[in-house]
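In: dropping a prediction and its sequence here:
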Amino acid sequence: MSTKIDKEACREAYNQVRDDNTDTNWAAFKYEGSMIVLGGQGTDYNDFKRMCTDDVRLFGFVRITTGDAMSKRAKFTLITWIGESISGLQRAKISTDKAMVKDIVQNFAKEFMFNDQRELDEDNIREELKKAGGANYDAQAE
C-alpha cells in the first residue's frame, strides 16, 4: 500500500515552525497506517525527543537558535527518526516516503537520520548546524 501525506496539516505546522512570530519550534510528522500525519508540535524540544521511541518512525522539523557573539539566527533541520524496533520493510520505505515530506519541508540547513536517543541531544545538533552555517566569530579575541 502506497503512503500518502496530509499535506495541508503538515504544511501549516511547517509554516508555524518557520514563522518568527510564533513560539512553535518543532513539528513531528508520524505514520498512522499508510498515512503521514501531523503527530505533534510545540515549543519544548524535549517534548519532541520524547516522541522518538524504539517503536516509532517519524520526521521532525526543528528550529534551533544558533550563531555566535556577532549574530544569532534561526536554523532549521529535518530529522528522520527510525526506532530500533522498526522492521526492515518499514525502514526501507522511509527513504521513498521522505520525498513526500521534503515536498513540504523545503528549507532546512542540515538533515539528520537518527535511531539512538543520544543523537537527539540539542547541543550536538546545534554544533552541527553551526559547522554548516559558515562564518564563526566566537574564536576572535575582542
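Out: Looks like it came in fine.
In: which one's the longest helix in this structure?
Out: Longest helix in the chain by number of residues, with DSSP state H as the criterion: helix 88-104.
In: contacts for that one, please.
Out: 3-5, 7, 10-11, 14, 29, 36, 57, 59, 78, 80, 82 (CB atoms under 8 Å, 6 or more residues apart in numbering). C-beta here means a position set from N, CA and C on the backbone, and glycine is covered the same way.
In: quick one, the following helix or strand past that helix and helix 88-104 angle?
Out: Following helix 88-104 in sequence order, the next helix or strand is strand 110-114 (DSSP states H and E). Between strand 110-114 and helix 88-104, the angle comes out at 160 degrees (axes from the mean of the first three to the mean of the last three CA atoms, to 10 degrees).
In: which parts of strand 110-114 are buried?
Out: 110, 112, 114 (16 or more other CB atoms under 10 Å).
In: let's have the residues you listed in a markdown table, adding pLDDT and distance to Arg18.
Out: A markdown table is the format used below for those (pLDDT from 0 to 100; distance: CB to CB, whole Å):
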| residue | pLDDT | distance to Arg18 |
| --- | --- | --- |
| Lys110 | 95 | 15 |
| Phe112 | 97 | 18 |
| Phe114 | 97 | 22 |
